[in-house]
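Q: give me the fold of what follows.
(chains A and B)
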There are 2 protein chains.
Amino acid sequence: MSAQAAVRVLAEAADLPADFPALPSPQEPLSPEGLEAALRAVGATRYHNLHPFHKLLHSGRLNRDQVRAWALNRYCYQSAIPRKDAALMARCDDRELRREWLHRITDHDGFGEDSGGIERWLVLTDGLGLDRAYVVSKEGALPATKFAVEAYVRFVAENTLLEAVASSLTELFAPGIHAERISGMLEHYDFINEKVVAYFRRRLDQAPKDADFALEYVKQHARTAAEQRAVIRALTLKTEVLWAQLDALYLAYVAPGWPAPGAWRPGVAIVGE
Amino acid sequence: MSAQAAVRVLAEAADLPADFPALPSPQEPLSPEGLEAALRAVGATRYHNLHPFHKLLHSGRLNRDQVRAWALNRYCYQSAIPRKDAALMARCDDRELRREWLHRITDHDGFGEDSGGIERWLVLTDGLGLDRAYVVSKEGALPATKFAVEAYVRFVAENTLLEAVASSLTELFAPGIHAERISGMLEHYDFINEKVVAYFRRRLDQAPKDADFALEYVKQHARTAAEQRAVIRALTLKTEVLWAQLDALYLAYVAPGWPAPGAWRPGVAIVGE
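A: A predicted model of the protein is given here:
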């Protein structure tokens, strides 16, 4: 089987929906609406709301240590977002785009009265009983988590501005997962309360605004077939970054339950118990 | 529990041997022999010969598709080695060291009559019935594999020359695993023969020479406690890169058997069946 034929088989094996939109051909780019449909289809087939780990998390089938492992590892991702956005702005010669993009950094790092999303994430890890200095040190995070997160920061730093913007488009799909997470975790876990889900409540407002802007930017700027393929690939890479983090959590803390040497284990860095 | 106390608990939880050598203290560096013992202890506790996936591979308990998945993914690692070594040489102002290091590139890329280690790896994937263009495209490799491999290349490109050299020291532990692999795979798999294990046979000679040189270099140049901690950390990072690749293979192709969306699945890109 040729590599091309293999790619076709793969597409079929990935259970793509029958109405999966057309991809841009080398000859003919998609319309902006066609491109949006293709980008939304990446989310519908690859966003990490589909991962079994999230289904377990949201339905109350994880124990407290497994939720701790998730929050501890996800901190690596959260805390890298301002570096990612600074990397984007560092190559952006368009003052209007920089002005528009800046709030993504302050949303996470905080500004003035607002302590920011990373602080809200640490309120979550505090609420789970994890030592804050240990979380911030990233000492106990899985190597696979760090590799995936750095792959994302590097992708944004090293590719075109258009691809960097496109890689943020997973936010199109985030409100659904955040809403599901808030209600599911509050309902199912007695160690989760309103205070510790503040991060997700805030993102319910923030993510849609960011996603709308980025989607319009991409639809306006990705006009050639090559540009369109590149932005679809950028969004796909981003879904791989998110998916790989859940794969690693599942293997380490659900089944077979093999945290890599040196990674956090239940009982470590717990305060107040 | 403080972060420091947590790190101590982690060290205990990692089942370090009772005779685990001392680590350099901020006050007092280790002797060169003490440093060698500490580096060898990293291998004894974290090298990927300890990973369950390798135990399955070498004892004949994987099926042909699982061996294919391993060879396909490991190709990403093999094929990145010359880039890693070129990144090291690119920052090396010492002509003698560059002269010494160069053969690591030609060992893998080939030179003159020798087609090189990457070609020998492709003889292995050919022998397993995988389409060569598909393997080389890396299209079907797990995202986690690519993230880990690129983390290694980047580590070498972005850290000190001393740390870059130290990260190669997993070769100290490689001959054991290669010898075990050759005999185990020839004995247990009817689809493995002498021709396809040529890569490992050759590495039995190459790896010890490289490791001896790098070990002497590190023992000679890592004199302060800070340098010694950095080289121990560099070798640890490298073991994390190798370990994460096997974690990902296990989850995707052994249990629960979840290849990430887009990754290779049995039946794809097989020739001659």
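
Q: which residues touch residue A:119?
A: residue A:110 (C-beta atoms under 8 Å, 6 or more residues apart in numbering or on different chains). Every C-beta, even on glycine, is put in place using the N, C-alpha and C of the backbone.

Q: secondary structure element for it?
A: helix A:117-127 (DSSP states H and E).

Q: mind listing what's buried in that helix?
A: A:117, A:118, A:120, A:121, A:122, A:123, A:124, A:125, A:126, A:127 (16 or more other C-beta atoms under 10 Å in any protein chain shown).

Q: repeat for stretch A:217-237
A: Buried, per 16+ other C-beta under 10 Å, within stretch A:217-237: A:217-219, A:222, A:225, A:227-232, A:234-237.

Q: ok, now stretch A:188-200?
A: A:189, A:192, A:196, A:197, A:198, A:199, A:200.

Q: could you find the closest non-adjacent residue to the residue positioned nearest the centre of chain A?
A: In chain A, the C-alpha nearest the mean C-alpha coordinate belongs to residue A:242, at 4.9 Å (C-alpha atoms, centre = their mean). In space, and not counting its chain neighbours, residue A:242 is closest to residue A:48: 4.2 Å by C-beta to C-beta, 6 or more residues apart in numbering or on different chains.

Q: that neighbour: what's it in contact with?
A: Going by C-beta under 8 Å, 6+ apart, residue A:48 touches A:54, A:177, A:239, A:242, A:243, A:245, A:246.

Q: what pLDDT does the third one get?
A: By that I understand residue A:239. In this model, residue A:239 is scored at 97, pLDDT.

Q: likewise the second one?
A: Model confidence at residue A:177, expressed as pLDDT, equals 91.

Q: what's the helix or strand hosting it in contact with?
A: Using DSSP H and E, residue A:177 sits in helix A:174-188. Identification of contacts with helix A:174-188 by C-beta under 8 Å, 6+ apart yields A:47-49, A:54, A:57-60, A:192-194, A:197, A:200-201, A:203-204, A:207-208, A:211.

Q: once you drop chain neighbours, what's closest to residue A:71?
A: In space, residue A:71 is closest to residue A:125, 5.0 Å off (C-beta to C-beta, 6+ apart).

Q: mind listing what that neighbour touches?
A: Here residue A:125 is in contact with A:68, A:71, A:72, A:75, A:132, A:135 (C-beta under 8 Å, 6+ apart).

Q: recalculate using a threshold of 7 Å.
A: A:71, A:72, A:75, A:132, A:135 (C-beta atoms under 7 Å, 6 or more residues apart in numbering or on different chains).

Q: got it, and residue A:237?
A: Going by C-beta under 7 Å, 6+ apart, the list of residues near residue A:237 reads A:155, A:167.

Q: and with 10 Å instead?
A: Contacts for residue A:237 (C-beta atoms under 10 Å, 6 or more residues apart in numbering or on different chains) come out as A:151, A:152, A:155, A:156, A:159, A:163, A:166, A:167, B:143, B:146.

Q: swap in residue A:250?
A: Residue A:250 touches A:51, A:52, A:53, A:56, A:66, A:256, A:257, B:251, B:256, B:258, counting by C-beta under 10 Å, 6+ apart.

Q: repeat that for residue A:260.
A: A:141-145, A:248, A:251-252, B:46, B:51, B:239-240, B:243-244, B:246-247.

Q: ok, the closest residue to residue A:117 other than its chain neighbours to residue B:140 distance?
A: Computed as C-beta to C-beta, 6+ apart, the closest residue to residue A:117 that is not its neighbour in sequence is residue A:108, at 4.4 Å. Counting by C-beta to C-beta, to the nearest Å, the gap from residue A:108 to residue B:140 is 34 Å.

Q: who's in contact with stretch A:213-221?
A: A:30-36, A:39-40, A:97, A:100-101, A:104, A:160-172, A:227-228, A:231-232, A:234-235.
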